[in-house]
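S.K.: heads up, no residue letters with this:
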């Protein structure tokens, strides 16, 4: 059993990862970081996932909305969210500069403070195309940096766990089904409507993943 | 001439670095990040340094005080600041877990957003003994991570500049004299009194550095 800080956005991937790690018997500390207005809705979903696992009292939410003044991106409200496919050129406006490095460095500091063994992060292969900080080369490098920054000797520092880094999202959906994830309590849409819009990049990717995985999609889409 | 985001705490080292880079003709964007109550005073000094260089309007201050709930440390107010020498065991309570990785990842995201070339950071050799995230091995690793996280190809990403990484603080003081840094407008003390306390780890180190450098120390110490 490991003590693990799990970066948990309330999205599908990190919810499946949290379920898997808890069901495998680990001692998990979910961490949600708000870095822009549009993500406040996701936190409600993240908390409902933690609640369904009985670990809500351990769920930490960190509000870093102030960071918006430094990091312009459509995800933090400075321009319109584009519709279309996740891999389209237009999706690049959804990139928050260096976002994952920021989130992972905070998670690693928190993990060090509570004497956890590792930080888990649900990057998957579908993220590679548009986010430089989701690529395997980046993850391999930041794994070393975290180890060095959080410990005096290499074996002492915080470990970074990214089990889905080479998985397609359909494979993540299949795992979610295996571990009994309540998919209806996860949120993917970049827009903050009452239901998933069904047309933004991440909604399109979500729908495709359920279809490819041949798992029933319980999500209510507006379109 | 390079466009450079300079992590600027208002302390001696980062003030000297900012002076050097501006005087060498670079286009500098100072960034101060507040991560705990005790650092709010430093920001006043940081701003006065930027003002003395005529670049106050470019100085960004990011308030990340919320992070205190995740990162307990005496520097963020969760315990008393110890007196004594910088290298004493007791100084370890001043370590904010993974602090420099957090600050550097935010600075790199900001640099990417404003299309800067690099981030400059004034780690010096005296920091190595107690802060794992000031060591050359850490800095070399995070340099790669930042490059990979902020660009699609290695030459495109943000460069990390750490010219003082192998300098003693006395050498930094000498450079500061060379570039005309108003040392009285820099702040080192971990405590937030009216004057430098003169007995905490960083005050002791500051005094030693001026003495070793044979530069007049204009700092008013309480003791």
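M.R.: Arrived safely, thanks for sending. Values in this document were obtained by computation on a predicted structure and should not be read as measured data.
S.K.: The top strand by length along chain A - contacts with which helices or strands?
M.R.: Criterion DSSP state E: the longest strand present in chain A is strand A:27-34. The criterion is 3 or more C-beta pairs under 8 Å, 6 or more residues apart in numbering or on different chains; DSSP states H and E, and the helices and strands that strand A:27-34 contacts are strand A:3-7, helix A:12-23, helix A:40-52, strand A:60-63, helix A:99-113. Placement of C-beta: from N, CA and C, glycine included.
S.K.: for the fourth one, packing partners?
M.R.: Counting contacts by 3+ C-beta pairs under 8 Å, 6+ apart, the secondary-structure elements packed against strand A:60-63 are strand A:27-34, helix A:40-52.
S.K.: quick one, which of these is packed in tightest?
M.R.: Mean neighbour count, computed with mean count of other C-beta atoms under 10 Å in any protein chain shown, is highest for strand A:27-34 among the helices and strands packed on strand A:60-63, reaching a mean of 23.
S.K.: what about that one, distance to the chain center?
M.R.: How far strand A:27-34 lies from its chain's middle: 10 Å, per C-alpha atoms, centre = their mean, to the nearest Å.
S.K.: Sheet partners, orientation included, of that strand?
M.R.: Paired with strand A:27-34 in the same sheet, following DSSP bridges, are strand A:3-7 (parallel), strand A:60-63 (parallel).
S.K.: relative to helix A:40-52, how tilted is the first one?
M.R.: Our comparison of strand A:3-7 with helix A:40-52, counting by axes from the mean of the first three to the mean of the last three C-alpha atoms, to 10 degrees, yields an angle of 150 degrees.
S.K.: what is the mean pLDDT for strand A:3-7?
M.R.: Average pLDDT, strand A:3-7: 98.
S.K.: about what we covered before: relative to residue B:112, which of the helices and strands packed on strand A:60-63 is closest?
M.R.: Shortest distance between residue B:112 and the helices and strands packed on strand A:60-63, using C-beta to C-beta, is found for strand A:27-34: 18.5 Å.
S.K.: Report the angle between the closest one and helix A:99-113.
M.R.: On the basis of the same axes, to 10 degrees, strand A:27-34 is oriented at 140 degrees to helix A:99-113.
S.K.: Let's test this: mean pLDDT of strand A:27-34, rounded?
M.R.: 96.
S.K.: With stretch A:157-170 instead?
M.R.: 94.
S.K.: Can I get the helices and strands packed on strand A:60-63 in a markdown table including distance to residue B:205?
M.R.: As requested, the helices and strands packed on strand A:60-63 are exported to a markdown table (distance: least, C-beta to C-beta, whole Å):
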| stretch | distance to residue B:205 |
| --- | --- |
| strand A:27-34 | 34 |
| helix A:40-52 | 41 |
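S.K.: From residue B:186, how far out is residue A:197?
M.R.: 51 Å (C-beta to C-beta, to the nearest Å).
S.K.: what do you get for residue A:160?
M.R.: Computed with C-beta to C-beta, the distance linking residue A:160 and residue B:186 is 36 Å.
S.K.: higher neighbour count, residue A:197 and residue B:186?
M.R.: Just comparing residue A:197 and residue B:186: by other C-beta atoms under 10 Å in any protein chain shown the higher neighbour count belongs to residue B:186, 24 against 20.
S.K.: Contacts only, for that one.
M.R.: Contact analysis of residue B:186 by C-beta atoms under 8 Å, 6 or more residues apart in numbering or on different chains lists B:10-12, B:15, B:45, B:49.
S.K.: go on, residue A:33?
M.R.: Residue A:33 is in contact with A:7, A:61-62, A:64, A:103, A:106-107, counting by C-beta under 8 Å, 6+ apart.
S.K.: Please repeat the previous calculation with a cut-off of 6 Å.
M.R.: Residue A:33 sits next to A:62, A:64, A:103 when contact means C-beta atoms under 6 Å, 6 or more residues apart in numbering or on different chains.
S.K.: any idea which of those residues is least confident?
M.R.: Among the contacts of residue A:33, residue A:64 has the lowest pLDDT, at 88.
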